[in-house]
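Asks: A structural model of the following input is requested.
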Amino acid sequence: SLAFQLYHFFFVPCESKFFLRSNTRHAGTAQILHQSAKSSISSLPYPLADWISPPHKTVISSYKPLNTTLHIGQSHSLAVGPPLETVRVVPVVYSLNSLVKQNQSSVIPKKEKRVSHRRKGRHRVKSIVADSPPSPPHIVRKIPIRVKKYLWSLKPDEALAFIKRDIENASLAEDDDAELYAPLFRNFSTFKRSYEWMEQMLKVYIYEDGESPIFHEPHLFGIYASEGWFMKLMEENKQFVTKDPEKAHLFYLPYSARQLQMAVYVPNSHNLRPLSVFLHGYVNMLAAKYPFWNRTHGSDHFLVACHDWGPYTLKGHNELSRNTIKVLCNADVSEGVFVAGKDVSLPETTIRNPKRPIKNLGGNRVSQRPILAFFAGNRHGRVRPVLLKHWSDKDDDMRIYGPLPNRASRLLSYPQHMKSSKYCICPMGFEVNSPRIVEAIYNECVPVIIADNFVPPLNEVLNWDEFSVVVAEKDIPNLKEILLAIPLKRYIVMQTNVKKLQRHFLWNAKPVPYDLFHMILHSIWSSRLNQIQI
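Replies: Have a look, this model is predicted:
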């Protein structure tokens, strides 16, 4: 049985099996080994008693997640057969601080100290965003090595089923977490547990097929830069990327929708069919060359596209459009391509200088934000003309413009307007997405989203009610009334949350935990887990 196999996998090493199967002459040795097995299971992070209890024993299930089993002094009942015992749990949390203290307390030769110092300087993570506040030290929670070995011995879907079950049974995490701000998340405990598993287990296979500029050539500037930055950081990554597709939980289609548009689209033709035909041929080539697409009909594959046309170029291939995990800036549920809960809404980040994509991060304090609401932008799409009709040059508290006029820019630049406003209006343009949402977050201005049918970025984990205002398109005439109805106390909470949120929307040259690269990857990981039936 599976339980019998797992019991022997974890607790009967090869060199010890003889003793466990021997006669009563070795009873003493067998008793010692059995005690060792009981001690081992008590420190496992998952309710493994349901899986690895010895056959024909009475099982009392005991769940201890990572974030609760790792505290000194806690104890719980052993779940392996009678007699039951209470076992002291040994912590397996390793933080940077604890490692530094251990190194400082140990005696090492002088030469080794110099080497350690040089390594520290060479491996220091340097963020592209020089203005971003320092993040707290990241605590890496280690999975017991035997659990990890067992999971890697399973097929990817079997391992994901194990992990999903553990995540669903995660205990409540403490709100005063040193690394994360709990109010930003829909389910803080689930997110934290899922993220920990992703760090430890996720493997992504990247197809090498395809030629530049469409494939493997990230577009790193402009309003569609998010897809390029993700591609760049994903292909450079060594933690999550695997060269063995049999070990992969996810398969990445490394093309750029922006590069596809520039290479294939005929200007002014208004014909997207050549782009769809190109992707149709690419997917069919992969399906014919490798077994992985046909194995799941593309459901464990994902793509990342920030161009407005991203969803429309997928319609030429049914499995590509319906089955893959689509990470799209144009997250419009009314078009029949983006599926909320399965696909991922990609934040649209405007990058003007790839060497320093974000400048002047931050904003004024609440008392120095005299403008109630601000918007400046071109008059296109269905929403902006209505917004300008009702509010352009109608109210001093509502600084609503088309392109920012000279009379306004002479006093305050576009970023200064955002930094001096309580609310930043983020209406849709031609499509539902807008780079102003992330711009508002960078300038610590509460975003006001006006785009029916739009799924906000990373909506599966982030609770947008806590740091934004969503206004229906039909309520644009009442915009000022809606904003003034928000109490000051509530506004201060939302604005504080925006500041806490910033770190999750930053691109870093070398990704750091919980930054935008990791948040996008986690949402893809979460979508893949949701496919698994347990």
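
Asks: What's the end-to-end length of stretch 459-466?
Replies: One end of stretch 459-466 sits 12 Å from the other (Cα to Cα, to the nearest Å).

Asks: Which positions within it qualify as buried?
Replies: For stretch 459-466, a neighbour-count test (16 or more other Cβ atoms under 10 Å) marks 459-464, 466 as buried. Backbone N, C-alpha and C define where each C-beta goes, glycine included.

Asks: before we move on, what about stretch 195-214?
Replies: Counting neighbours by 16+ other Cβ under 10 Å, the buried set in stretch 195-214 is 195-207, 214.

Asks: Repeat that for stretch 495-515.
Replies: Within stretch 495-515, the residues scored as buried using 16+ other Cβ under 10 Å are 495-498, 501-509, 511-515.

Asks: ditto for stretch 351-366
Replies: Neighbour counts over stretch 351-366 (16+ other Cβ under 10 Å) mark 351, 354, 357-358, 361, 363-364 as buried.

Asks: out of those, who's nearest Glu439?
Replies: For the buried residues of stretch 351-366, the minimum distance to Glu439 (Cβ to Cβ) is 9.9 Å, reached by Ile358.

Asks: Any figure for the gap between that closest one and Ile441?
Replies: Counting by Cβ to Cβ, to the nearest Å, the gap from Ile358 to Ile441 is 11 Å.

Asks: Repeat that for Pro435.
Replies: Here Pro435 is placed at a distance of 11 Å from Ile441 (Cβ to Cβ).

Asks: Then Met418?
Replies: Met418 sits 10 Å away from Ile441, going by Cβ to Cβ.

Asks: And for Val204?
Replies: Val204 sits 27 Å away from Ile441, going by Cβ to Cβ.

Asks: Look up phi and psi at Arg333.
Replies: Just so we're on the same page, residue 333 is Val rather than Arg. The phi and psi values for Val333, taken as degrees, to the nearest 10, are phi -70, psi -10.

Asks: and if you look at Ile450?
Replies: Torsion angles at Ile450 (phi, psi; degrees, to the nearest 10) stand at phi -120, psi 90.

Asks: Equivalent analysis for His417, please.
Replies: phi -60, psi -40.

Asks: Would you confirm that it contacts Pro370?
Replies: No - using Cβ atoms under 8 Å, His417 is not in contact with Pro370, being 11.0 Å away.

Asks: of these two, who's got more company?
Replies: Set His417 next to Pro370 and count neighbours by other Cβ atoms under 10 Å: His417 wins out with 22 against 11.

Asks: If you drop the residues flanking it in sequence, what lies closest to the more buried one?
Replies: Computed as Cβ to Cβ, 6 or more residues apart in numbering, the closest residue to His417 that is not its neighbour in sequence is Phe374, at 4.9 Å.

Asks: ok so, going back, looking at the buried residues of stretch 459-466, which is nearest Ile534?
Replies: Nearest to Ile534 among these, with distances taken as Cβ to Cβ, is Glu460, at 18.6 Å.

Asks: Validate this expectation: that closest one resides in a strand.
Replies: No - counting by DSSP: H, G, I helix; E, B strand; the rest coil, Glu460 falls outside a strand, being coil.

Asks: isn't it right next to Trp525, touching?
Replies: No - assessed by Cβ under 8 Å, Glu460 is found out of contact with Trp525, at 10.7 Å.

Asks: Next, the contact list for Arg352, please.
Replies: Phe221 (Cβ atoms under 8 Å, 6 or more residues apart in numbering).

Asks: That one and Thr313: what is the separation?
Replies: 26 Å.

Asks: can you check Ala485 too?
Replies: 42 Å.

Asks: Between these two, tell me which one has more neighbours.
Replies: Of the pair Ala485 and Thr313, Thr313 is the one with more neighbours under other Cβ under 10 Å, namely 29 against 9.

Asks: Inside strands: which ones of the buried residues of stretch 195-214?
Replies: Among these, the ones falling in strands (DSSP state E) are 204-206.

Asks: is it fair to say the residue nearest to His417 lies in a strand?
Replies: Yes - assessed by three-state DSSP, Phe374 belongs to a strand.

Asks: does it have beta-bridge partners, and which?
Replies: Note on Phe374: beta-bridge partners by DSSP bridges are Arg399, Cys424.

Asks: Which residues are in contact with Lys247?
Replies: Contacts of Lys247 by Cβ under 8 Å, 6+ apart are 152, 156, 203, 205.

Asks: Turn those residues into a markdown table, columns for pLDDT.
Replies: Below are these laid out as a markdown table (pLDDT from 0 to 100):
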| residue | pLDDT |
| --- | --- |
| Trp152 | 92 |
| Pro156 | 95 |
| Lys203 | 98 |
| Tyr205 | 98 |
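
Asks: sorry, back to before: for Ala248, state which of the buried residues of stretch 195-214 is nearest.
Replies: Set against Ala248, the nearest of these by Cβ to Cβ is Tyr205 (3.7 Å).

Asks: ok, now which ones touch the closest one?
Replies: For Tyr205, the contact set (Cβ under 8 Å, 6+ apart) comprises 241-245, 247-248, 250-252, 292.

Asks: and the residue nearest to His417, how many neighbours?
Replies: Neighbour number of Phe374 under other Cβ under 10 Å is 28.

Asks: My understanding was that it contacts Cys424; is that so?
Replies: Yes - Phe374 lies in contact with Cys424 (Cβ under 8 Å); the separation is 5.7 Å.

Asks: For the helix or strand where Leu320 lies, output the C-alpha coordinates as CSV.
Replies: In this structure, Leu320 sits in helix 318-322 according to DSSP states H and E. Coordinates of the C-alpha atoms in helix 318-322 are reproduced here as CSV (Å, rounded to 0.1, in the frame of the first residue of the first chain):
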residue,chain,number,x,y,z
ASN,A,318,-8.4,27.0,-29.1
GLU,A,319,-6.2,25.3,-26.6
LEU,A,320,-3.8,28.3,-26.3
SER,A,321,-6.8,30.6,-25.7
ARG,A,322,-8.8,28.4,-23.4
